[in-house]
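>>> what shape does this take:
(one chain, ligands or ions: 1)
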Amino acid sequence: MNSERLNNVLENKIISNADVLQIYQEARTDSSELFLAAQNLRKKFKGKTITFSKKAFFNVINMCKDTCTYCTYKAEPGEEKLSMMSKQQIKQMLSLAKKYRCVEALFVTGERPEQRYQEARDWLAENDFKSTAEYLTHASEWALEEGLFPHTNAGNLTYDEMKDLQKTNVSMGLMLENSSERLSMKGMPHYLAPSKRPKSRLEVLENSGKLKIPMTTGILLGIGETPEEIIESIFAIKKLHEKYGNIQEVILQNFQPKLDTAMSNFPSTEENYFKIIVSLTRIIMPEMNIQIPPNLSPKSYQSFLSVGINDWGGISPLTPDYVNPEFSWPKIKNIAKNSKKVGFDLKCRFPIYPEFFSFISKELREKISFIEDEEGLVKEEYWR
Ligand code: SF4
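Now for the predicted structure:
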């Protein structure tokens, strides 16, 4: 490499925030060396395997007490897209997911809907639950009984709620989005979303570390952040991982404008910028599992294999991506074919990566072992 900083990265030397900013600036003119460095690190630590999780997306309740200006997932009472799944609907969907040989039951909700909406409180009462978190604890038990592995993404849960969910969830998720307070200021995307204040998010992630929960987190790119803020956000995740060792993967999600939102006129995240950030994440955390959602880059997702990713995230053969409903997931067989074309083998993982198996209970570990191959991934004959 011509870049001394990138040579330092490849020699395992510690890299500072200022170094990364310099690498970013150079990459804006010519990103080839950065991409090559990321590719080398990816190859060194992740080989030629690209993973995904075969999932069913349970849109448990999409009312939300907060408002992010880019979000189309959230629904108001009376809207067509409103979802409030009954116990029976969840159980039916679980059984269908099992038939499709899904492995992950992804449970998603808005942020504490019962704090804001009477309709959400009524829904909980009708189903005999006091809170959305309590509902999720039970839904997770049903998932396990059906032979699926729960992964809950329900916003800022408390320490005790996470401790309860930990008994059934092999991993959990909470996007950091960005560690910048500026994005919560007036006129910015998180102004009306107190749960997105970096301090609150980092506290929940800290709690997940104390509880030793394998955690998925990530960053949303293209919502008005500066390069400095993105780099700081990646370092914030690295710091958490150094402290607790429980961050199992980092999702890098590119913003795509949604028609019915305040940010509908905002441009989509520019692809080269997105790739540079993916590569920077790889050089900041060389051994991390790094994921981009293929449905949000439908024409070019396979090209991200050469800038440092090693995972496509959850793909459902059964349910839409309710967070990005206009972007359907590519068919699993097409992802396999497109990954193969550029030299990578698609394999199905559990919602927990094998390196984190020691974090979960003996009971959960045993359930995994029934359909696990010698690499700790899902047996091919099961998911294909
Ligand atoms: S992104 Fe999450 S917190 Fe923000 S409005 Fe949507 S559901 Fe609520």
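>>> drop to CA atoms for contacts and neighbour counts, all remaining ones
Fine.
>>> can you list the weak-confidence ranges in the stretch 101-250 of the chain?
For the stretch 101-250 of the chain, no stretch is flagged by pLDDT under 70.
>>> enumerate every residue touching the one residue in it that gets nearest to the ligand.
Residue nearest to the ligand within the stretch 101-250 of the chain: Gly110 (4.2 Å; CA to the nearest ligand atom). Residues in contact with Gly110 (CA atoms under 8 Å, 6 or more residues apart in numbering) are 61-65, 74, 154-155.
>>> just the buried residues of stretch 127-138, please?
Within stretch 127-138, the residues that count as buried by 16 or more other CA atoms under 10 Å are 129, 131-137.
>>> TSV for those, including distance to the ligand and secondary structure?
Formatted as TSV, the buried residues of stretch 127-138 follow (distance: CA to the nearest ligand atom, whole Å; DSSP: H, G, I helix; E, B strand; the rest coil):
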residue	distance to the ligand	secondary structure
Phe129	21	coil
Ser131	17	coil
Thr132	14	helix
Ala133	15	helix
Glu134	18	helix
Tyr135	17	helix
Leu136	16	helix
Thr137	19	helix
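>>> distance of Thr69 from the ligand?
Look at Thr69 and the ligand: by CA to the nearest ligand atom, to the nearest Å, they are 7 Å apart.
>>> count the residues that sit near Glu79.
By the criterion of other CA atoms under 10 Å, Glu79 has 9 neighbours.
>>> how about it, secondary structure?
Here Glu79 is coil, with the state taken from DSSP: H, G, I helix; E, B strand; the rest coil.
>>> is any part of stretch 200-212 close to the ligand?
No: looking at stretch 200-212 against the ligand by CA under 6 Å from any ligand atom, there are no contacts, and the closest approach is 11.0 Å.
>>> er, stretch 320-334 actually
No: using CA under 6 Å from any ligand atom, stretch 320-334 stays clear of the ligand, coming no nearer than 8.1 Å.
>>> mind listing what the closest residue to the residue of the stretch 101-250 of the chain closest to the ligand other than its chain neighbours touches?
Excluding its sequence neighbours, the residue lying closest to Gly110 (CA to CA, 6 or more residues apart in numbering) is Cys64, at 4.2 Å. Going by CA under 8 Å, 6+ apart, Cys64 touches 74-75, 109-113, 116.
>>> near the ligand, which residues of the protein show up?
Residues of the chain lying near the ligand (CA under 6 Å from any ligand atom): 64, 66-68, 71, 73-74, 110-111.
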